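>>> Dropping a prediction and its sequence here:
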Amino acid sequence: AGKADTKAGGGGTGKKAASAMKFSHGDPLALLRRYSMENRLEQVRIKDDRVEFEQKGGLAGPQKQVFDRKTKTLYRSQKGRGEPYQLDALVLFLKHKDANRKEYMSTVSQYGVAFVSTLDKADLVAYLTGKVETVAAIQVEEVRPSLFDTMTAEGKPGEGLAPGA
C-alpha cells in the first residue's frame, strides 16, 4: 500500500496537488464500484485523512475526487442490519479481497480501519465488482442525514422546517 500512496507525489508542500483536487459530495460507494468495475483500483488511494480517486484530466491535467476517509457509505454491515461501513474500510477490503484473512486483518490494523465482516464479504464483492446491481445492505434512506431538523435557542426541536412539524 505504501508504494501506491507515493506514486502521485513528487515531494514539496502538497499545495500544488491540493489545487488540482476536486472535493466531492457525491456517492463514494458508487464511485468505488465504478473504479472496481473499470479495473482502476490502483487509482484509489488512502492518504492521511482522505481517500483520493485519481482521474485522467483533459487540458488541466490529472484531477482527483477526494473524500474524508471516514465517510459513511450507503453499505451497512451485518447484511444491512448494522452500522454503515466507512469508505476506508471498503477501499482496503476491495484491494485485499483475495488475501488470506490473516494478511487482510494485518493490513486493516496498520491503517487503523474497521474490518469487513465475513458475513458481508460475498455480497460486497459481488456488488463492488459489478456481478449484481444491488444488495439488501445498501440502505439509502437510513444513512441520509436529516437536513431540515432545527433546534430552538432552548435546545428543543424547532418548528416549521422539520417535515411533519
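Sure, I can see it.
>>> For the rest of this, base every contact and every neighbour count on C-alpha atoms.
Will do.
>>> buried residues in the helix or strand containing residue 107?
Assigned by DSSP states H and E, residue 107 falls within helix 101-111. For helix 101-111, burial by neighbour count (16 or more other C-alpha atoms under 10 Å) applies to 104, 105, 107, 108.
>>> Skip the chain neighbours and tell me the closest residue to the second one.
Think residue 105. Nearest non-adjacent residue to residue 105, counting by C-alpha to C-alpha, 6 or more residues apart in numbering: residue 115, 7.0 Å away.
>>> Please list all residues in contact with the one you found.
Listed by C-alpha atoms under 8 Å, 6 or more residues apart in numbering, the contact set of residue 115 reads 89, 93, 105, 108.
>>> That one belongs to a strand?
No. Membership of residue 115 in a strand is not supported by DSSP: H, G, I helix; E, B strand; the rest coil, which gives coil.
>>> and it, backbone torsions?
In terms of degrees, to the nearest 10, the main-chain angles of residue 115 are phi -90, psi 160.
>>> if I pick residue 76, what's in contact with it?
Contacts were defined as C-alpha under 8 Å, 6+ apart; by that measure residue 76 touches 82, 83, 84, 85, 137, 138, 139.
>>> So what's the residue count around the second one?
The burial count assigned to residue 83 is 16, neighbours taken as other C-alpha atoms under 10 Å.
>>> That one contacts residue 77, correct?
Yes. Between residue 83 and residue 77 there is a contact at 5.5 Å, judged by C-alpha atoms under 8 Å.
>>> give the contact list for residue 95.
residue 41.
>>> phi, psi of it?
Main-chain torsions, residue 95, degrees, to the nearest 10: phi -70, psi -20.
>>> Begin at 37 from now on, thanks
With 37 as the first residue, the last one maps to residue 131.
>>> gap between it and residue 144?
Residue 131 sits 11 Å away from residue 144, going by C-alpha to C-alpha, to the nearest Å.
>>> Please apply the same query to residue 119.
18 Å.
>>> Who are the contact partners of residue 133?
140, 161 are the contacts of residue 133 under C-alpha under 8 Å, 6+ apart.
>>> And for residue 88?
Residue 88 makes contact with 79, 80, 81, 82, 100, 101, 102, 103, according to C-alpha under 8 Å, 6+ apart.
>>> Could you export those to JSON lines, including columns for pLDDT?
Below are the contacts of residue 88 laid out as JSON lines (pLDDT from 0 to 100):
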{"residue": "79", "pLDDT": "96"}
{"residue": "80", "pLDDT": "97"}
{"residue": "81", "pLDDT": "96"}
{"residue": "82", "pLDDT": "96"}
{"residue": "100", "pLDDT": "89"}
{"residue": "101", "pLDDT": "91"}
{"residue": "102", "pLDDT": "93"}
{"residue": "103", "pLDDT": "95"}
